[in-house]
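Trainee: Generate a structure from the sequence data that follows.
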Amino acid sequence: MRVRITSSAPLVISLYFIGGICYEQKRSISRPTETTKKKELEDFPIAYAFNEKQLEEALKKLGAKKEECVTLFNHGDVLKKTDVPAFKTMLKRHTKELQEAMKNEDFAEAAFLYEMDNHEYAINWDGDADVLAALCLDEKLLKEFGLEDAYRRARRAHMKHAEEWGMI
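Mentor: As a prediction, the model looks like this:
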């Protein structure tokens, strides 16, 4: 059984944010919140399995039977059905916090640049949409938050990096 999350892209992507990437390479952007989010995700009772043996290990780790578990993202994630509401709530909160942080132009520019430099941006036909999605944004929110200039500055910096790295 699978559980579908409405508008799952921002939730899935927020895993990357809480997973610890967090844009520290530029300016004095604080990391404690991101470290807390990373720990919160790492401590959440979720496991990953990509074959039967790993599934057995995941179920053992979770202290659950197969019929008590689901996958939310269909990418090897395994969690107890009873933990789904708490997991969804946590990810929605993290997404909201990320969107709030993105309202800070310095943070946003550093985040855009990080995603461009560490993403398939240069080889993807839809790199802009992917970068925005990775930060729980879309073009509408980019405009609403007034971040178009920050995005353009990050893109110029990324293109300079790409040239320095011999990509273009």
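
Trainee: Any stretches of the chain with poor pLDDT?
Mentor: Counting by pLDDT under 70, the chain has low-confidence residues at 1-34, 122.

Trainee: swap the cut-off to 90 and go again
Mentor: Scanning the chain for pLDDT under 90 picks out the ranges 1-39, 41, 118-127, 134, 162, 166-168.

Trainee: What are the boundaries of the helices in it?
Mentor: 8-16, 32-43, 52-62, 84-101, 105-117, 127-134, 139-144, 148-164 (DSSP state H).

Trainee: Relative to G76, which of the ones you listed is closest?
Mentor: Set against G76 and scored by C-beta to C-beta, the helices of the chain come closest in helix 52-62, at 8.0 Å. Where C-beta positions appear, they are placed from N, C-alpha and C, glycine not excepted.

Trainee: most tightly surrounded among the helices of the chain?
Mentor: The highest average neighbour count among those, using mean count of other C-beta atoms under 10 Å, belongs to helix 105-117 at a mean of 21.

Trainee: elements contacting that helix?
Mentor: Helices and strands in packing contact with helix 105-117 are listed as helix 127-134, helix 148-164; criterion 3 or more C-beta pairs under 8 Å, 6 or more residues apart in numbering; DSSP states H and E.

Trainee: chain center to it: distance?
Mentor: On the basis of C-alpha atoms, centre = their mean, to the nearest Å, the separation between the geometric centre of helix 105-117 and that of its chain is 14 Å.

Trainee: just stretch 135-150 next, same as before
Mentor: The chain centroid and the centroid of stretch 135-150 are separated by 16 Å, computed with C-alpha atoms, centre = their mean.

Trainee: For it, give the distance from the opening residue to the closing one.
Mentor: 14 Å (C-alpha to C-alpha, to the nearest Å).

Trainee: Now Q54. Nearest residue, chain neighbours left out?
Mentor: Setting aside the residues directly before and after it, Q54 is nearest to Y48 in space (C-beta to C-beta, 6 or more residues apart in numbering), at 7.3 Å.

Trainee: ok, D128 to A86 distance?
Mentor: Applying C-beta to C-beta, to the nearest Å, the value for D128 to A86 is 33 Å.

Trainee: Just put the helices and strands packed on helix 105-117 in TSV and tack on distance to E68.
Mentor: Converted to TSV, these look like this (distance: least, C-beta to C-beta, whole Å):
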stretch	distance to E68
helix 127-134	32
helix 148-164	44
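
Trainee: Thanks a lot, catch you later.
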